[in-house]
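Undergrad: Give the three-dimensional model of this entry:
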Amino acid sequence: MNKQQERTFYGLVWFARLTVCLLAISLALALDSTATEKHRADVRAQWQEQVDDLSLELRASILQNTQTVWGLAANVAVNPDIRESQFQQLASVIFKLAPELLNIGLAPDFVIRHIYPMSGNSGALGLDLRTQSLSPEQVALLLETQRAVFNGPINLVQGGQGLAARIPIHENDTGRLWGVISAILDLERLYASVGLNELPSNFKLVLSTAEPDKIDAGRFFGDADIPWQSPVSATMAMTGFTWNLYAQPSEGWPDHPESPWLLRGLLAFVTLVIIAGTLWITALILRDRRMQRRFWGLFELAPFGIALYDAITGEQIQANPGFTRALGSGGASIDYFNDVYDQSGQRKAVEYSVSTILAHRFRFTGLEGFFRAPDQTLRPLMLHGLRLDMQGNESVVWIIAEDISERKEAERLKSEFISTVSHELRTPLTSISGALSLLSANATDKLPDQAVRLISIARRNSDQLGYLINDLLDIEKLIAGKMDFHTSEFPVAEAVSECLENIQHYALEKNLTLDARELPANRVRADRQRLAQALNNLLSNAIKFSPPDARIDISTERIGQHIRIAVKDHGPGIDPEFRARIFEKFSQADSSDRRAKGGSGLGLAITRELMTRMGGQVDFSSEVGQGSTFWLDVPIA
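TA: As a prediction, the model looks like this:
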């Protein structure tokens, strides 16, 4: 990746950081503004409800007072020639029922002839309402309808303001408009009846006949010079007049909700969490980016092949140059690694393929074999595999293919050298062993006892050297595939018994007991001689590592399609650190030159190769201080 692409990537990360921060802050401000607007709308709705209630109560009070006067109108309609005494009597009753009334005037032909109470209102007698009080429009309404016509507010002679209600009277007999009743309501009493004079101090309310933009021009109730800020309003329209009620809080409408710092603190906390989370996530992305660049360099320059596969389809996703050089297009699918060959070009019988192994385990390591290269030659590889199950994504498989051609060549040269040396040593060693045998058998003149002991030691060491040479030749033959196997069917009990008889003398030297349980009559299919060799190796190791006077248990049982021959000793057990190397060539738990137990370290390696060639296997279990159990699984005939 070039520097320009890297700068672009870092620029995008910082742009994302800045964008998220700005969006978080903008969202917090928007939520705060929305909460404020909602609270203001709720407050306005509450105030609007109160103003509507006051408007309805004021209208109801006016109508209630006016309704009582309609009773007088009904009496006059029946008795147009009502006398003063009758009027005074009826008016007094009406005043008791309508406490907000200031006076009542009876005006036949729109001229006031009777008035109640007389005190303070006598000056209104003889007043022609058509010329001095009612407008032509109001007179027309009274003539055309039978509804009351209102006029107000009006300034009263005795002071204060009032509301005039003119109720038309039509004679019952003729239907002719007889005149009107003029009822004057005291506005101060009306205001008091609905509680307008007892509003809270922060409740600013006025009554006005003007529109919202000219409230003070038509104001007739309430404080003057109020700085209005979109007040709530209610319109009270009645025949003859229209009043508007305007109200708002004295401090104006709220600019924040109640307990604003609780909400704003929460918004600030959430905003900080979002910003911190964004910075943390992008920091992880940048760190992952840096790690990717480092690993990308390692991936590209690694001296061994690395490839990434889709775990579902098995198709190759990516491969480094080393992998491409080693396998070319052959490794395009993970199934390529299922075809494993030996050095001679024969396909090996692999119990589990790479795909199957990774389906059950998430990793494997150290799988060796020969694979077809692009030029159709066989190339030795050591495979390591790892399956990664990623959350929300398809699983992938990493395959590391290590070319071990040089190591195989070194092993071949070493094997040839060992084979050559072994053959060169065998001939003189045979002569030496023969000569020592003759000497120890007194084939010549009788030797001194001291010489006999020295010859016995030399003969024993030459025999041990012969065993080592034989083991070296056997392991090399097995690896090279040159050892012949003669498979046959035979009873497993006979083979085990023969081995026990042959090695009994070795056990007696350490006073060990070979305890063989009842052996089954099953027949197995294998090379009898090679099976005996493998079992002898297990028995020899058990005798070697058992303490004196101990017991070695030999048992057999059927496990699936195999007969398991188990050898259990009561020795020191196997150290966990050594278990992974126990079947390797020349491997010994104590590899120092002062180890207590002798041996070449080839016995178990030979045993593994022998059992593999016969279609079986060797394995073990062990606990430190509790002994070990080794077993051979031999195919049933």
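Undergrad: which stretches of the stretch 201-350 of the chain form strands?
TA: For the stretch 201-350 of the chain, the strands defined by DSSP state E, counting those that start in this stretch cover 203-208, 219-221, 232-238, 241-249, 305-310, 316-319.
Undergrad: Nearest to Ala458, out of these?
TA: In terms of CB to CB, the element of the strands of the stretch 201-350 of the chain nearest to Ala458 is strand 305-310, at 53.3 Å. C-beta here means a position set from N, CA and C on the backbone, and glycine is covered the same way.
Undergrad: Identify each buried residue in the closest one, please.
TA: In terms of neighbour count (16 or more other CB atoms under 10 Å), strand 305-310 has its buried residues at 305-309.
Undergrad: for stretch 286-305, same thing?
TA: Within stretch 286-305, the residues scored as buried using 16+ other CB under 10 Å are 299, 302, 304-305.
Undergrad: By average pLDDT, which secondary structure element in this structure comes out worst?
TA: Among the helical and strand segments of the chain, the one scoring lowest on mean pLDDT, DSSP states H and E is helix 449-480, with a mean of 68.
Undergrad: Toward the C-terminus from that one, list the very next helix or strand.
TA: strand 487-491 (DSSP states H and E).
Undergrad: Which residues does the very next helix or strand once past that following strand contact?
TA: As assigned by DSSP H and E, the chain's next helix or strand after strand 487-491 is helix 492-509. Applying CB atoms under 8 Å, 6 or more residues apart in numbering, the contact partners of helix 492-509 are 513-514, 516, 519-524, 528, 531-532, 535-536, 539-540, 543, 552, 554, 556, 563, 565, 634.
Undergrad: His39 versus the closest residue to Ser201 other than its chain neighbours, what's the distance?
TA: In this structure, Ser201 finds its nearest non-sequential neighbour in Ser250, 6.9 Å apart by CB to CB, 6 or more residues apart in numbering. In this view, Ser250 and His39 are 18 Å apart by CB to CB, to the nearest Å.
Undergrad: what about these two, which has more around it?
TA: Shown here are Ser250 and His39; by other CB atoms under 10 Å, His39 has more neighbours (18 against 12).
Undergrad: and that one, that one's in a helix?
TA: Yes. His39 sits within a helix when classified using DSSP: H, G, I helix; E, B strand; the rest coil.
Undergrad: Disregarding residues adjacent in the polypeptide, which is nearest to it?
TA: Nearest one to His39, counting by CB to CB, 6+ apart, is Pro257 at 3.8 Å.
Undergrad: Do you know the pLDDT at the one you found?
TA: On pLDDT, Pro257 comes in at 77.
Undergrad: Now do the same contact list for it.
TA: 35-36, 38-39, 263.
Undergrad: Adding distance to Ala580, write the residues you listed out as a markdown table.
TA: Below are those laid out as a markdown table (distance: CB to CB, whole Å):
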| residue | distance to Ala580 |
| --- | --- |
| Ala35 | 67 |
| Thr36 | 71 |
| Lys38 | 71 |
| His39 | 73 |
| Leu263 | 64 |
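Undergrad: returning to what we had before: isn't the residue nearest to Ser201 up against Asn202?
TA: Yes. Using CB atoms under 8 Å, Ser250 makes contact with Asn202 at a distance of 4.4 Å.
Undergrad: with the buried residues of strand 305-310 in mind, which one is nearest to Gln158?
TA: The closest of the buried residues of strand 305-310 to Gln158 turns out to be Leu308 (CB to CB; 104.4 Å).
Undergrad: need the contact list for the closest one.
TA: Contacts of Leu308 by CB under 8 Å, 6+ apart are 316-319, 396-399.
Undergrad: can you put those residues in TSV and add pLDDT?
TA: Listed next are the contacts of Leu308 as TSV, based on pLDDT from 0 to 100:
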residue	pLDDT
Gln316	86
Ile317	85
Gln318	86
Ala319	87
Val396	84
Val397	85
Trp398	84
Ile399	86
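Undergrad: And what about the closest residue to His114 other than its chain neighbours, helix, strand or coil?
TA: For His114, ignoring the flanking residues on the chain, the nearest one in space by CB to CB, 6+ apart is Leu106 at 4.0 Å. Using three-state DSSP, the structure places Leu106 in strand.
Undergrad: Tell me how far Leu106 lies from Ala493.
TA: Leu106 is 144 Å from Ala493, by CB to CB.
Undergrad: Could you give me the buried positions within stretch 493-509?
TA: 493, 495-496, 499-500, 503, 507.
Undergrad: just curious, which of the buried residues of strand 305-310 is nearest to Ile606?
TA: Distances from Ile606 to the buried residues of strand 305-310, taken by CB to CB, are shortest for Gly305, at 32.4 Å.
Undergrad: Please look at the closest one and Leu327 and confirm they touch.
TA: Yes. Contact status for Gly305 versus Leu327: in contact at 6.7 Å, counting by CB under 8 Å.
Undergrad: Quickly list what's touching both of these two.
TA: Listed as contacting both Gly305 and Leu327 by CB under 8 Å, 6+ apart are Ala401.
Undergrad: what about Ser92, how many residues close to it?
TA: Ser92 is flanked by 12 other residues according to other CB under 10 Å.
Undergrad: ditto for Ile112
TA: 23.
Undergrad: what's the spacing between it and Gly105?
TA: The gap separating Ile112 from Gly105 is 4 Å, by CB to CB.
Undergrad: likewise Pro374?
TA: The gap separating Pro374 from Gly105 is 124 Å, by CB to CB.
Undergrad: neighbour count winner among these two?
TA: Set Pro374 next to Gly105 and count neighbours by other CB under 10 Å: Gly105 wins out with 24 against 14.
Undergrad: pretty sure that one is touching Pro117, no?
TA: No. Using CB under 8 Å, Gly105 is not in contact with Pro117; the gap is 10.9 Å.
Undergrad: how about the buried residues of stretch 493-509 in TSV, adding distance to Pro99?
TA: Shown next, in TSV, are the buried residues of stretch 493-509 (distance: CB to CB, whole Å):
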residue	distance to Pro99
Ala493	129
Ala495	131
Val496	128
Cys499	132
Leu500	132
Ile503	133
Ala507	133
